[in-house]
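Based on what follows, work out the 3D shape:
(3 chains)
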Amino acid sequence: MSELHFDVTGVAPTPAIRAAPAWLRRAAGLARAVLAGPMGKVGAVSVGLMLILAVSAGILAPYDPIAIAPMDRLEGPSLSHPLGTDQLGRDLLSRVIEGTRTVMEVVVAGIGGALAIGLSMGLVAGYGPRLLASLLMLISDVVMSLPMMLFALAMTAMLGGGLGTVVLVVIAFMVPAYFRVARGQTLTLKGADYIVAARAMGASPLRIIMRHLLPNMAGPLLVLIAMDVPTVIGIESGLSFLGQGAQPPTPTWGSILRDGFAFIRQAPHIVLAGGLPILIATVGFTFFSEALRDALDPRLVGKKARRP
Amino acid sequence: MVLEIEDLVVRYRTGGWAGALRPKSQRHVEVLAGVGLTLDAGRTLGVVGESGSGKTTLARAVVGLAPIAAGVVRVDGMRASGWGDGPWRFIRRKVGFMFQDPLASLDPRMDVATLVTEPFVIHRTQGIDRRREAARLLDLVGLPARFLERHPYQLSGGQARRVSVARALALKPKLVIADEPTAGLDLSIQGDVLNLMTDLQAELGMSYLLITHNLTVARHVADEIAVMYLGRIVETGPTDAIYRAPAHPYTRALLGARGGGERIVLEGEPPGLSPRPQGCEFHGRCPIAKPRCQSEAPVERTVAPRHRVLCHFPLIQPDMAGTA
Amino acid sequence: MTPLLDIADLSITYATASGPVRALKDVSLRIEKGEVLGLVGESGSGKSTLASAMMALLPANATISGRLAFNGADLFALDPEARRRLRGNGVAAIFQDPFTALNPATRIGAQLVEFQHHKTGIGHAERTRRAVAMLARVGISDPERRMRQYPFELSGGIRQRVLIAAALLTEPQLLVADEPTTALDATTEMQIIALLRASRALVDGAIVLVTHDMGLVADLCDRVAVMYAGELVEAGPTAEVVAHPRHPYTRALLACDPALITVQTRHFPTIPGQVPDPGIPRDGCAFAARCTEASGLCHTTPPPMVSIGIGDDGGDFARCHRLVA
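As a prediction, the model looks like this:
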C-alpha cells in the first residue's frame, strides 16, 4: 500500500514521547518554538518569574507586606530591605511580591470572565439568528468606543472603589475583543469542510462546538489572552494609582506607585519599586505573546507544506 | 430503494436586511429547482454537471445540509424534509459522505483513529472497542495500522482520501455520497480510489451517489447517469444509453469533449440564477433551440426504459430507441 | 535553421530549508518555430519548472546548469534587465488560474493597453484599438463595453479569453500556456481549446502547452514531450507517441487515462508506488522503482537518450535502457 511521501515528523519519536497524550506533545512542541528566539526567551523568563512570585507570594515575601514599622519609614534600599521601605515602614520587596499575586488574581479573574462571556457571545453570534448577531455586534461596538479610563472612573464612581470593581471594569472592557475573535473564528470555521463533515455525520451543534470548534479556536484566543495581560496590568495599575483600585492596605504595583508619588522628592525609590515590576511585566508579556503568535502561525504553514 | 428524491427545491436567501425589501422573486436564489431521482441498492448513480449546476448542493441536500424549501428526501425508508436537525439525524446515520477535499474534511486536531470512529461516538453506539474498530476500518481501505496515530497534516492526498472513505464506512451505510472523488488526483493514482470504491461496493453492497464533472470516469463507474444543468436534471438514464445516444443537446455537447462523438462547442456562458431564464433554461445556448423553447418550459418525457429527458425536442424519440 | 528554443542538459536545483531539491535533471529539448508542443506530466514532473525556465521566471534560490537558448541567445547568460525585456516581448504566458492573473483593481481595457508597453512607437489610441480588435478576435462579444469592465464582472471563461488576448497582443514568438483549461468547466474548456487552435495562426512562433491532460495534447499539439520526476522521458510527434509510446512511463500513463479506455471497466490500471523524492539524489532511471520492465542496469545508470523517429536531428527520443538495440 502507499507509503508516506516525506516523513515530516523527522526522526521517529522515541516510545516514551509517543506514549504521551497528543495535547502534551503539542504543548511541548509549542514551548520549544516559543523559546527558540531571543524575544521568546525574555518573555518566557518574565512571565515565568511573575507566575512564580504570584503563586508563592506568601512563602517568598521576607516580611509581612502590611506590617507597619514607623521606625523604619522611608529607608532607601539596603541589605535588610532590598527595595527599601515606604512611608509607613512596610518592606517594599514584600509588598511588590504580594502585589504580583494580587495583580495576577485580577488578570485571571478579569480575562477569565471576559473570555467566558465573550466566547459565549461569539458562538451565539456565529451560529444564531442574524438579528441577534447584529444586536450583539452593536453592543460590542458601543462598549469598544467608550474611552477606557473615563469608563473605569464612571464605574468606580457608581460601584465604589476596590479590586472587585477593577475586575468588573476589566471584564466589561475586554469582552468586545474576545467576542469579535470568537465570532470571527466561528464564522470562518463554520464553513470549513471538517465542520460540515461533522454535521453530515449527525453531530449535534453542542458536540461540534465542544469537539471541533473550540479546540481549533484555541490558537488565536491564546495569543489574544497573552496580549491582553499587559492591558489588564495597565488598567489595574492606573486605577490603583488614582486611588480607585486597590484600597489600602492592599498592595498592588499601582498603589505602591501612588504612595511613592507623594514622597517622590524624599524617597524616589518607592516609585521605582512600584514602576519597575509594571515595566518588566508589560514588556515580558508583550514579548511572550509575540513569540507565541509567531510560534502558532508558521507551525501550521510548515506542517501543511506538501509536494508541489 | 436506497435513495429517493422527490421534487427537491433548495433556495438560498440573498442580501441582508435590505433583501427583505426586494420583490419576492429576487429575494432568493433557487439553486435546485425541483430535482427527482431514485437509486437502488448496490448501484452507482453518477450525477454530472458543471459549476453552477447544483450537483454539490444536491449531495448536501441528501443529508439535510442545504436549505430545502420544498420536496422530500427518503433514505432507506427514512423520510426527511426542510430545516431542523431532528429528522436528518437518522438519515445522517445511514449515509456516508466523502468530501471533495479529503484533507479539509478531517479535523486537523484529531488523529486518524479518532477521526474514523467519530461516527460511533456521535450515534452513541454501545459496546464498541474504538481502537479495534479503527484498525478494522483502516484495513478495509488498505492503510496499515501505524496510520492510526497520524494527524491529517501527516497524510498525503491519497491517504487522506482513504481515511475519508474509512470514516464514511464506519456505520456500514447503505448509501455513500462521493463528491468528486478523483478531483486533484494524478491520472496514475486516480484508479486507486475508484478501484477501492468498486471493491468495497462488491464486498459491502452499498450504493454510491457519485458527484463528478469528469465524464470519462462516470462512464466507466456509474450504472446510471443524471445530467444536471442550472439546478435541474435535464437527462437521466442508463450510462450505456446516454453515452451511445444522448437525448438532450446539453448532454451531447458535454460528451463531445472526450471519448469520441461529434464535437459541439456551445456558445456563451451559463445564465445567472436570479432571475432564472424563461422557458427552457438552456435555450440561450442550445444549438437546436426553437421559438417554443424560449416561451415554454419543457416537461419531462421518457424516451426509453429508465431514460428520461427534459426537452421539447429530444435528440432521440421513443420509437427510435431501438435504432439508436 | 536555428530552433526557436534550444534546451541542452538543463538542470535546475532549488535550495530549500530542508536541503537541495532537484526540479529538473538534464532536460534537452528543441522547439521549432511554428510548432505546438505539449508538455505533459503529473505532479512533481517538473513541467511547471520547465515552463518557468522558458520564461526566465525562476526564483532566486534556483541553481541552473545547462543551456536554454531563445533564438540562439543563451537566456541565462543574459543580464537580468535583458531577460526582463524578453517577457511580454517575445515570450508571453497564459496561466492556469484566470481569477488571479488579472489585477482586480483596474479595468480590463487599461490592463490590455498596459500589456503592450513594449511596443514603442504606437500611441495610446492605437493600443486601445488593437486591444478591442483582439478581444473580438478571441470571441468576446461587445468588446468596447468589456474594455471598461473590471475582472470581477467577468466569468472564468471570459477572463481566460482576455488573458489569451493579452498574450497575443504582445505578438510573441513563444507562447507558454500553463494548464490554461484546468480551472474551467468542460463546456468552457471546449471553447478555449477551439480558441487556442485558431490562435495558431496568430502566433508567429511556437506554442508550448503545459498540461496533465493527454487528451488536450492530442487535440492541439503537433509534438509532445513527456516528463517524469524532473526528467524528459519521451518526445515525438503526438500521433506517434500516443499510438506507439516507447517509454514505459508513457505507456503506463496512457493506459491509466479513462478517456482512452474503450471497453467499459470497473477496474482501472494505476501505476503503483509514487514519484521519487526530489530532495534525495538518485542514480539510474527516475522511473525504475515503478517500472514493470526495469532491470538491474535501470537502477544504477541513467538511461541514454535513444533517438526514435524519422531522421530528425535528435528531436524525437525516449530515455530508456530497453530501447538500446
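
Within the helices and strands, which one has the nearest residue to residue C:94 once chain neighbours are set aside?
Leaving out its chain neighbours, the residue that sits closest to residue C:94 by CB to CB, 6 or more residues apart in numbering or on different chains is residue C:177, at 4.4 Å. Quick note: C-beta positions are derived from backbone N, CA and C, even for glycine. Residue C:177 is located in strand C:174-178, with elements delineated by DSSP states H and E.

which residues does the residue nearest to residue C:94 contact?
Listed by CB atoms under 8 Å, 6 or more residues apart in numbering or on different chains, the contact set of residue C:177 reads C:93-94, C:196, C:207-210.

What is the burial count for residue 285?
If you meant another chain, say so; for now it's chain A. By the criterion of other CB atoms under 10 Å in any protein chain shown, residue A:285 has 25 neighbours.

ah, no, chain C please
By other CB under 10 Å, 27 other residues sit near residue C:285.

Okay, it and chain B: tell me how far apart.
Taking CB to the nearest CB, to the nearest Å as the measure, residue C:285 falls 16 Å from chain B.

how far is the strand holding residue C:177 from where the chain is centred?
Its chain's C-alpha centre and that of strand C:174-178 lie 6 Å apart, by CA atoms, centre = their mean, to the nearest Å.

thinking again about what came up before, now, which of the contacts of residue C:177 lie within strands?
Judged by DSSP state E, strands contain the following of these: C:93-94, C:207-210.

Note down every partner strand of the strand holding residue C:177 and its orientation.
In the sheet, strand C:174-178 lines up against strand C:91-94 (parallel), strand C:206-211 (parallel) (DSSP bridges).

Quick check, central residue of the chain?
This is for chain A. Nearest to the mean C-alpha position of chain A, counting by CA atoms, centre = their mean, stands residue A:229 at 3.5 Å.

meant chain B, my bad for not saying
A centroid search over chain B (CA atoms, centre = their mean) returns residue B:211, at 3.4 Å, as the residue closest to the centre.

for the helix or strand that contains it, packing partners?
Using DSSP H and E, residue B:211 sits in strand B:207-212. With contacts taken as 3 or more CB pairs under 8 Å, 6 or more residues apart in numbering or on different chains; DSSP states H and E, strand B:207-212 sits against strand B:44-48, helix B:55-62, strand B:175-179, helix B:187-204, helix B:215-221.

Could you rerun that using 6 Å?
Packed against strand B:207-212, as judged by 3 or more CB pairs under 6 Å, 6 or more residues apart in numbering or on different chains; DSSP states H and E, are the following elements: strand B:44-48, strand B:175-179.

Nearest to residue B:266, out of those?
Ranking the helices and strands packed on strand B:207-212 by distance to residue B:266, with CB to CB as the measure, places strand B:44-48 first at 15.3 Å.

Direction included, what does that closest one pair against?
Applying DSSP bridges, strand B:44-48 is found paired with strand B:207-212 (parallel), strand B:224-229 (parallel).

Any chance of JSON lines for those, columns mean pLDDT?
JSON lines is the format used below for the strands paired with strand B:44-48 (pLDDT from 0 to 100):
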{"stretch": "strand B:207-212", "mean pLDDT": "95"}
{"stretch": "strand B:224-229", "mean pLDDT": "94"}
